[in-house]
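> When you get a sec, could you give me coordinates for this:
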Amino acid sequence: MPNLILLASLLFFGQPQNLLNCNHRDASIYSYKIVKNSDQTFGYDVYADGKLLVHQPNVPALPGNRGFDTQGSAEIVARLVVRKLRNGEKLPTVSIDEMRKLNAI
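From the prediction side, this is the model:
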């Protein structure tokens with residue numbers, strides 16, 4: 001009987017959000033490229049299947065428009081964003097704490 005109620009609910013209301021894309025990973029191929037800004041700081045671009053997905057010329061989560069001081073710091077955060085995308089996050093965010101833990105800032 002509970003299965004019949006669930007089936008009727010699914011047909012009437014649609015599939016519950018928590019069942020959609022549950023632990024299904026995107027089949028896209030993600031890559032990144034480090035970009036040098038005009039002020040000699042660094043940012044990154046993230047691509048999905050060769051198409052630009054994220055253009056991040058400045059340090060995320062920090063006020064202002066300044067990029068990373070080093071290419072290595074930009075690369076650390078770009079790799080984090082790619083890892084999050086590969087793990088299924090559609091709109092990955094990067095926090096100040098995450099960047100500090102990675103010694104990117």
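> Please, which helix or strand holds the spatially most central residue of the chain?
Centroid-nearest residue in the chain: residue 92, 2.8 Å away (criterion: CA atoms, centre = their mean). For residue 92, there is no enclosing helix or strand under DSSP states H and E.
> do you know how far it is from residue 61?
To residue 61, residue 92 is 12 Å away according to CB to CB, to the nearest Å. C-beta here means a position set from N, CA and C on the backbone, and glycine is covered the same way.
> got it, and residue 97?
Remark: distance between residue 97 and residue 61 (CB to CB) = 9 Å.
> Pick out whichever of these two has more residues nearby.
Of the pair residue 97 and residue 61, residue 61 is the one with more neighbours under other CB atoms under 10 Å, namely 14 against 9.
> Now that one: closest residue in space that isn't a chain neighbour?
residue 96 (5.0 Å; CB to CB, 6 or more residues apart in numbering).
> now residue 84
Among residues not flanking residue 84 along the chain, residue 92 sits closest, at 3.6 Å (CB to CB, 6+ apart).
> Double-check that neighbour against residue 78; I have them as touching.
No: counting by CB atoms under 8 Å, residue 92 sits too far from residue 78 to count as a contact (11.0 Å).
> Overlap of the contact sets of these two?
Overlap between the contact sets of residue 92 and residue 78, as judged by CB atoms under 8 Å, 6 or more residues apart in numbering, is nil.
> Listing request: residues of this protein with sub-threshold pLDDT.
1-26 (pLDDT under 70).
> Which parts of this protein are helices?
Secondary structure of the chain (DSSP state H): helices located at 2-13, 71-86, 96-101.
> With just CA atoms, put the last one into CSV.
Going back to what we said before, that points to helix 96-101. The C-alpha coordinates for helix 96-101 follow below in CSV (Å, rounded to 0.1, in the frame of the first residue of the first chain):
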residue,chain,number,x,y,z
ILE,A,96,37.6,32.3,2.4
ASP,A,97,38.1,29.4,4.9
GLU,A,98,38.6,26.9,2.0
MET,A,99,41.2,29.1,0.4
ARG,A,100,43.0,29.6,3.7
LYS,A,101,43.1,25.9,4.4
